[in-house]
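> one predicted model, sequence on top.
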Amino acid sequence: MLFLSKKEVPFKEIVPKGYVDIHSHLLPGIDDGVQTVYQSAYILEQFSKSGIKKVITTPHVLQDVWPNTTDTITRIHSDLLPVLKTLDITELEFKASAEYMMDDLFYQRVKEKDIIALHDNYILVEMSTFSAPMNLTEILFEIKLAGYIPILAHPERYTFYKNDLKKYEELKESGFLFQLNLLSLSGYYGEAIRGFSLKLINHNLIDFTGSDVHNYQQLNVLEKGFSPKVAQKAQAIMKNNAVFS
């Protein structure tokens, strides 16, 4: 679809049919995302109105900060489902997985297969914003040994790689898939990250997208949308998320 006649294209106009959002923080009180059931319900309602058909929310699992367990995540998710039904938010399918920091806690859990898969055998993982894990090769080996396919969340935000495309190509060759934050394309994290996001897209390094919405402010930024050229690029990548239907 061409958007060139518009100055700015609202998010709801680029959402592909059946779009699945695979990255968000919408379980209340479990991490740095929403803190109340009302906040969760409101954002999910707006997602539904935007045309999103399925949300797989992904609370942080981070040692010493948010060491959320499989039981905690599944319980809070289950508690939220009847609330959504009561509020008549029924057009949107709501699932829960996790965004796993590749730390010692994750290393142990993946060895034990104590992991909530994103879909089939896909899992969403992240690194510290300061540096990659020293044992990244070993962690990736355990991920593959356990039968999972790792999707690296927001690769555009790992500034310690200094926008070196060769580093990203090496990560892809080692077995990672890449999930771009749509908020990065909006300029929410700054123009440098926005520019590098487009560079990763132009070099065909991005596999999937996600909102990574934590709160109302980020929702509002996302809803405003993108410039026409960026909107076209975003929509093309968003179509890849059909694999999670």
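Sure, I can see it. Numbers count the residues shown, from 1 in each chain.

> show me which residues of the longest helix along the chain are buried.
Once the chain is assigned using DSSP state H, the helix that runs over the most residues is helix 70-86. Residues of helix 70-86 classed as buried: 72-73, 76-77, 80, 84 (neighbour count, 16 or more other C-beta atoms under 10 Å). (Each C-beta comes from the backbone N, C-alpha and C, glycine too.)

> again with stretch 22-42
For stretch 22-42, the neighbour count (16+ other C-beta under 10 Å) marks 22-28, 30-31, 33-34, 37, 39-42 as buried.

> for the residues you listed, work out which two are farthest apart.
Greatest spacing in the buried residues of stretch 22-42, by C-beta to C-beta: 22 and 37 (22.1 Å).

> can I take it that residue 46 is in a helix?
Yes. When DSSP: H, G, I helix; E, B strand; the rest coil is applied, residue 46 is found to be in a helix.

> hang on, isn't it packed against residue 220?
No. With contacts counted by C-beta atoms under 8 Å, residue 46 stays clear of residue 220, the gap being 9.4 Å.

> more neighbours, those two?
residue 46 (18 against 11; other C-beta atoms under 10 Å).

> can you pull the pLDDT of the residue lying closest to residue 26 once chain neighbours are set aside?
Spatial nearest neighbour of residue 26, chain neighbours left out: residue 57 (4.4 Å); criterion: C-beta to C-beta, 6 or more residues apart in numbering. Listed pLDDT for residue 57 reads 98.

> so residue 57 makes contact with residue 24?
Yes. When contacts are counted by C-beta under 8 Å, residue 57 is listed as touching residue 24 (4.8 Å).

> nearest residue to the residue nearest to the spatial centre of the chain other than its sequence neighbours?
Nearest to the geometric centre of the chain sits residue 23, at 2.4 Å (C-alpha atoms, centre = their mean). Nearest residue to residue 23 in three dimensions, chain neighbours excluded: residue 210, at 2.7 Å (C-beta to C-beta, 6+ apart).

> next: residue 194.
Distances taken as C-beta to C-beta, 6+ apart put residue 187 closest to residue 194, at 4.6 Å, once the chain neighbours are dropped.

> how about residue 33?
Once flanking residues are discounted, residue 33 sits nearest to residue 25: 2.5 Å by C-beta to C-beta, 6+ apart.

> got phi/psi on that neighbour?
When read as degrees, to the nearest 10, the backbone of residue 25 gives phi -130, psi 80.

> try residue 132
phi -80, psi 150.

> how about residue 122?
Per degrees, to the nearest 10, the backbone of residue 122 is at phi -80, psi 140.

> gap between it and residue 51?
The gap separating residue 122 from residue 51 is 23 Å, by C-beta to C-beta, to the nearest Å.

> pLDDT score for residue 3?
pLDDT, read off for residue 3, is 63.

> for the chain, give me the ranges with low pLDDT.
1-6 (pLDDT under 70).

> what do you get if the cut-off is 50, keeping everything else the same?
The chain contains no residues with pLDDT under 50.

> can you give me the helices for it?
Assigned by DSSP H, the helices in the chain fall at 37-49, 70-86, 104-112, 136-145, 165-174, 182-186, 191-202, 216-224, 228-238.

> and the ones you listed: which comes nearest residue 18?
Among those, the nearest to residue 18 by C-beta to C-beta is helix 228-238 (10.4 Å).

> list the helices and strands the closest one packs on?
helix 182-186, helix 191-202, strand 208-210 (3 or more C-beta pairs under 8 Å, 6 or more residues apart in numbering; DSSP states H and E).

> now these in JSON lines, with mean neighbour count?
As requested, those are exported to JSON lines (neighbours: other C-beta atoms under 10 Å):
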{"stretch": "helix 182-186", "mean neighbour count": "24"}
{"stretch": "helix 191-202", "mean neighbour count": "17"}
{"stretch": "strand 208-210", "mean neighbour count": "25"}
